[in-house]
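S.K.: I'll drop the sequence and a predicted model, then ask my questions.
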Amino acid sequence: MRLWSASRRTNIVLATALLGCSVAVVSESSAASAAVGLNGHHSSCVNVRGVLEQTVKYDTVGSDAAGTPPMQKVGDTAVYTDTIFGADGSVVGKALGYVTIVAIRPSDGHLLTDYHETVQLPQGTLSDSARRLDRNGMIAGEWLNFAATGTSGDFAGKVGYRRWRLLPPLSNPPVPTEKAQVEITLCG
């Protein structure tokens, strides 16, 4: 079994995070702290926790015929704008992205999706993507994990992950009032 499936650098960052290396939760005013990676070198990590995300604009292409819920067939695509809220409920950022249903998993009939996003927060911007995520799992509130690369500000040049999960109450298909818990860790 091959342990690493993404780039070596990303895997080292993810393994560092999984091993519980010291990193700080970054708020609007705090800076990244140092963490020791697997290779013994110090790397600066930025973590974002305690934020929620909610879709505020959503448009679909595909099987959105009258009476048919959107995002239910291979080829369906949604473009979305999400607002990101801080722990105090204030708006701290936004995410723009698109998701496409790319396959149906034969073993259980679950819809598999590819995501591409750009996220803007006070710390900077990042780009993330994921392939073959389980849409049915997402609707059930499971965590979705995205490979992420920092593109500006404190995130610039760092790699890691962004993950989120829908919070109850859940519906199928998801409705705009649903919120998602978000976590981001970028190191480098």
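M.R.: In hand now; what should we look at? Predicted model only: the values in this text are computed from it and were never measured.

S.K.: Please make it C-alpha for all contacts and neighbour counts, starting now.
M.R.: Noted.

S.K.: surely Arg135 meets Tyr115?
M.R.: No. Shown here, Arg135 and Tyr115 do not form a contact pair, counting by C-alpha atoms under 8 Å, at 10.7 Å.

S.K.: all strands for this protein, in order.
M.R.: Assigned by DSSP state E, the strands in the chain fall at 33-36, 42-61, 77-85, 91-104, 111-121, 124-134, 144-150, 159-166, 179-187.

S.K.: got the angle between the fourth one and strand 111-121?
M.R.: Here strand 91-104 runs at 160 degrees with respect to strand 111-121, directions being taken by axes from the mean of the first three to the mean of the last three C-alpha atoms, to 10 degrees.

S.K.: in strand 91-104, what counts as buried?
M.R.: 92-104 (16 or more other C-alpha atoms under 10 Å).

S.K.: Identify all contacting residues around it.
M.R.: Applying C-alpha atoms under 8 Å, 6 or more residues apart in numbering, the contact partners of strand 91-104 are 71-86, 110-122, 132.

S.K.: so what strands line up beside it?
M.R.: Using DSSP bridges, strand 91-104 pairs in its sheet with strand 77-85 (antiparallel), strand 111-121 (antiparallel).

S.K.: that older thread, and the buried residues of strand 91-104, which two are the farthest apart?
M.R.: Taking C-alpha to C-alpha, the two most distant members of the buried residues of strand 91-104 are Val92 and Ile104; they sit 35.5 Å apart.

S.K.: and Pro122, how many neighbours does it have?
M.R.: 12 (other C-alpha atoms under 10 Å).

S.K.: And Ser90, by the same measure?
M.R.: For Ser90, the neighbour count with other C-alpha under 10 Å is 11.

S.K.: and if you look at Met138?
M.R.: Using other C-alpha under 10 Å, Met138 has 17 other residues around it.

S.K.: so what's it up against?
M.R.: Met138 sits next to Leu144, Arg165, Leu166 when contact means C-alpha under 8 Å, 6+ apart.

S.K.: From Met71, how far out is the last one?
M.R.: Right, the one you point to is Leu166. Using C-alpha to C-alpha, to the nearest Å, we find Leu166 at a distance of 16 Å from Met71.

S.K.: about what we covered before: okay, the contacts of Met138 in JSON lines with pLDDT next?
M.R.: Formatted as JSON lines, those follow (pLDDT from 0 to 100):
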{"residue": "Leu144", "pLDDT": "94"}
{"residue": "Arg165", "pLDDT": "95"}
{"residue": "Leu166", "pLDDT": "92"}
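
S.K.: For stretch 172-181, give me every contacting residue.
M.R.: Here stretch 172-181 makes contact (C-alpha under 8 Å, 6+ apart) with 50-56, 69-71, 139, 164-170.
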